[in-house]
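> Have a look at this fold, sequence not included:
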């Protein structure tokens, strides 16, 4: 899915280059700076996300909001009407997301929800809060028993690549206009459950294993934010070597 997204973005950028080049050489005359051209920065990412991501409702809502803003910029209707319609779209999208979450819940979601509850039963977990700020936490040969992370207009990172994990653990994340990066050990099983509106979970690990002794369960929710998961230990080593050479 990540590869498909890169391909689509690559084609879009190439098309933009062709338009600029063709206009400059006089081959054709395509005016991309039409009234409301800036709405493409909402419509295009929303359309690409709709094609490449599993969660469709927020992507469709983003496209809808972009189209509404474009129509307002084109004077099809006034801006006062546009903002009211956008608010309606947001409420409808949130309602549909809640319905889809409960009505179309698959076996995977039920299994993950159950395991998350089991992993949190002991009531023990670390915590991070990033409100209009940043928060970083790294484990170095320490036991990791779980974590609660909140990022509101801020960012947080959790590095458990060198942590000691003795059982299934749960990481609970809430993001609102923020982002969280979670770095996990290589060859570990990760299962996630997302409840985002205009956001989601991105799993960028190079090594994904379905067979491991323990599982890391990630439960993430919020809006206008996201969680990224990776295991880029090799990349870190390469960067250190490159810095030593310099």
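That came in fine, so what should we check first? Being a predicted model, the structure only gives us computed values, none of them experimental.

> The closest residue to residue 40 other than its chain neighbours sits in which helix or strand?
Take residue 40 and drop its neighbours on the chain: the residue closest to it by Cβ to Cβ, 6 or more residues apart in numbering is residue 66, 7.5 Å away. Quick note: C-beta positions are derived from backbone N, CA and C, even for glycine. Element membership for residue 66, per DSSP states H and E: helix 57-73.

> ok, now which ones touch the residue nearest to residue 40?
39-40, 42-43, 46 (Cβ atoms under 8 Å, 6 or more residues apart in numbering).

> cutoff 7 Å now
By Cβ atoms under 7 Å, 6 or more residues apart in numbering, the contact set of residue 66 is 39, 42-43, 46.

> from those residues, which ones fall inside helices?
If you go by DSSP state H, the contacts of residue 66 have 42-43, 46 in helices.

> Quick check: of the residues you listed, which lies closest to residue 15?
Lowest distance from residue 15 to the ones in helices among the contacts of residue 66 (Cβ to Cβ) belongs to residue 43, with 14.4 Å.

> How is the chain partitioned into domains?
Domain assignment of the chain by automatic domain parsing yields the ranges 2-100, 108-232.

> Save those domains as TSV, and put in mean pLDDT too.
Shown next, in TSV, are these (pLDDT from 0 to 100):
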stretch	mean pLDDT
domain 2-100	81
domain 108-232	80
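
> one step back: for residue 15, see how far away the residue nearest to residue 40 is.
Computed as Cβ to Cβ, to the nearest Å, the residue 66 to residue 15 distance reads 18 Å.

> same check, this time on residue 70
Taking Cβ to Cβ, one finds residue 70 at 18 Å from residue 15.

> These two: which is more packed in?
residue 70 (20 against 10; other Cβ atoms under 10 Å).

> measure the more buried one to residue 77 for me?
Residue 70 is 11 Å from residue 77, by Cβ to Cβ.

> before we move on, what about residue 60?
The gap separating residue 60 from residue 77 is 21 Å, by Cβ to Cβ.

> neighbour count winner among those two?
residue 60 (17 against 12).

> I'd say that one and residue 49 touch.
No. Look at residue 60 against residue 49 with Cβ atoms under 7 Å: they stay out of range, at 9.2 Å.

> can you pull out the strands in the protein?
126-131, 134-143, 147-152, 155-164, 169-176, 179-183, 189-203, 215-230 (DSSP state E).

> Would you mind putting these into TSV with distance to residue 30 alongside?
Shown next, in TSV, are those (distance: least, Cβ to Cβ, whole Å):
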stretch	distance to residue 30
strand 126-131	43
strand 134-143	42
strand 147-152	41
strand 155-164	38
strand 169-176	38
strand 179-183	35
strand 189-203	31
strand 215-230	32
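
> Next, format these as TSV and append distance to residue 10 and mean neighbour count.
Putting the strands of the chain into TSV (distance: least, Cβ to Cβ, whole Å; neighbours: other Cβ atoms under 10 Å) gives the following:
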stretch	distance to residue 10	mean neighbour count
strand 126-131	33	16
strand 134-143	31	13
strand 147-152	30	21
strand 155-164	27	18
strand 169-176	28	23
strand 179-183	24	22
strand 189-203	18	19
strand 215-230	21	21
